[in-house]
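Visitor: Kindly generate the corresponding structure for this input.
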Amino acid sequence: MDKERQHIRFDPAVEIVGYFELCNEVTGEFQNREEFIIKNISLGGFNLISNYPPAIENKYKIFINYGNRKHDYQIKVIHSRILRFQDQPDGILKPGIVYSTGCVILDETEPQKDLVLEIIKNDCGYPAPEAPAT
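Guide: Below is the predicted model:
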């Protein structure tokens, strides 16, 4: 007898592909103290939203605020574009240009990979189940 699972199976031993959009706000900062919000996350990198325009191809040290600690990562920016112009402050974002920055994680350690998996597990939404075809 087949039963449907009550919870989605999460097996970190299997490589997770793709990226996940965060449904809970996770923040951080660049080494120069410019703050960001993580919009999307994957095992290989992040999509960051901030007022700071990092240079493409440059490497940066970032700190992610999670679990009452700051976790550091070395990243390389692979793309950066203007997302929008913001008239009013919104959380950590100031009025002005807001950038969307894509980056890859360099020299990822096991604790860093475990943190990414924990964020995916605890702070990312799962897609709504599809309605059966009629």
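
Visitor: quick one: low-confidence ranges for this structure?
Guide: For the chain, the stretches with pLDDT under 70 are 1-19, 126-134.

Visitor: at 90 what do you get?
Guide: Flagging of the chain using pLDDT under 90 yields the residue ranges 1-25, 40-44, 67, 91, 107-108, 116-134.

Visitor: OK, contacts around the residue positioned nearest the centre of the chain?
Guide: Geometric centre of the chain, nearest residue: Ile41, 3.3 Å, by C-alpha atoms, centre = their mean. Contacts here follow C-beta atoms under 8 Å, 6 or more residues apart in numbering; on that basis Ile41 touches 19-20, 22, 47, 116, 119-120, 124. The way it works is simple: take the backbone N, C-alpha and C, and place the C-beta from them, glycine included.

Visitor: Would you map the strands across this protein?
Guide: 20-21, 27-30, 35-42, 45-50, 59-66, 69-86, 96-106 (DSSP state E).

Visitor: Between these, which one is closest to Gln112.
Guide: strand 69-86 (6.0 Å; C-beta to C-beta).

Visitor: List the buried residues in that closest one.
Guide: 71, 73-77, 80 (16 or more other C-beta atoms under 10 Å).

Visitor: Equivalent analysis for stretch 31-50, please.
Guide: Residues 34-43, 45-50 are the ones in stretch 31-50 that count as buried (16+ other C-beta under 10 Å).

Visitor: And the furthest pair within these?
Guide: So, the buried residues of stretch 31-50 by C-beta to C-beta: farthest apart are Glu34 and Leu43, at 24.7 Å.

Visitor: Looks like Leu115 contacts His71 (just checking).
Guide: Yes. Under the criterion of C-beta atoms under 8 Å, Leu115 makes contact with His71 at 5.5 Å.
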